[in-house]
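*Asks:* kindly generate the corresponding structure for this input.
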Amino acid sequence: MARSASYRVKFKRRRKGLTDYYLRTKLLRSGLPRVVVRVSNKHVRVAVVSSRLGGDVVIAHAFSQELKKFGWPFSFNNTPAAYLTAYLAGLRCLKKNVSEGILDAGLHKPTKGGRVYAACSGLLDAGFKLRVDPSMLPDKSRITGEHISRFFKESGGKGFSRYVEAGLKVEEMPKIFEEVKGRLREAAVNG
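*Replies:* Numbers count the residues shown, from 1 in each chain. Okay, here's the model as predicted:
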């Protein structure tokens with residue numbers, strides 16, 4: 001244990017590996033709201049957060065479980081669900097006159113074409129301005145779920161037992177995706 005006056009104990013969240021304060025400081029200095037995208041084993045969360053002296057304030061957020069109300073019957077943590085969740089959050093931000101932000105991916109480094117960048121694509125399509133390299137965004141076939149329906153057909157349904165038991169038509173995922181996206185747009189305009 002160090003006892004000298006020059007030793008400083010690191011912040012608790014830094015010691016536990018929960019916060020990268022160097023990155024957080026850089027994001028806060030941008031002056032823009034942070035778009036916080038978190039992907040868990042079951043869900044995707046997207047929040048647009050403004051930092052104030054008293055603490056962070058959530059401007060708008062969306063949780064992938066909300067997609068159930070709009071008719072999304074599939075997984076809540078796949079690429080199309082990440083896109084739709086962020087699309088919903090983007091529409092909510094625009095209603096509150098917040099139209100620009102910077103990506104906060106947290107401690108995990110996002111991969112090219114992954115769910116974090118699918119969420120960025122959803123925000124961009126909603127009309128939200130986000131500083132992201134366009135080469136990192138997934139292509140349209142991944143966003144709509146065509147890759148999942150193609151794999152379902154090739155595997156003969158193997159590995160999709162939960163969907164088959166529930167009677168879901170995985171091969172129609174791109175069509176259902178477009179329907180849900182339209183419902184999200186209508187809900188944002190009307191409500």
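*Asks:* quick one, helices of the chain?
*Replies:* 12-15, 21-29, 79-95, 115-126, 140-144, 146-155, 161-166, 173-190 (DSSP state H).
*Asks:* tell me which other helices or strands the third one touches.
*Replies:* Pointing back at helix 79-95 there. In this structure, helix 79-95 makes packing contacts with strand 34-39, strand 44-52, strand 55-63, helix 115-126, helix 140-144, helix 173-190, judged by 3 or more C-beta pairs under 8 Å, 6 or more residues apart in numbering; DSSP states H and E. Glycine gets a C-beta too; all of them are placed from N, C-alpha and C.
*Asks:* buried deepest among these, which one?
*Replies:* helix 115-126 (a mean of 25; mean count of other C-beta atoms under 10 Å).
*Asks:* got the angle for it vs helix 79-95?
*Replies:* 40 degrees (axes from the mean of the first three to the mean of the last three C-alpha atoms, to 10 degrees).
*Asks:* helices and strands around helix 115-126, which ones?
*Replies:* Packed next to helix 115-126, using 3+ C-beta pairs under 8 Å, 6+ apart, are strand 34-39, strand 44-52, helix 79-95, strand 100-104, strand 129-130, helix 140-144.
*Asks:* list the buried residues of the lowest-mean-pLDDT helix or strand in the chain.
*Replies:* The weakest-scoring helix or strand in the chain, judged by mean pLDDT, DSSP states H and E, is helix 21-29 (a mean of 81). Judged by neighbour count (16 or more other C-beta atoms under 10 Å), helix 21-29 contains these buried residues: residue 27.
*Asks:* same thing with stretch 71-87?
*Replies:* Those buried within stretch 71-87 under the rule 16+ other C-beta under 10 Å are 72, 74-87.
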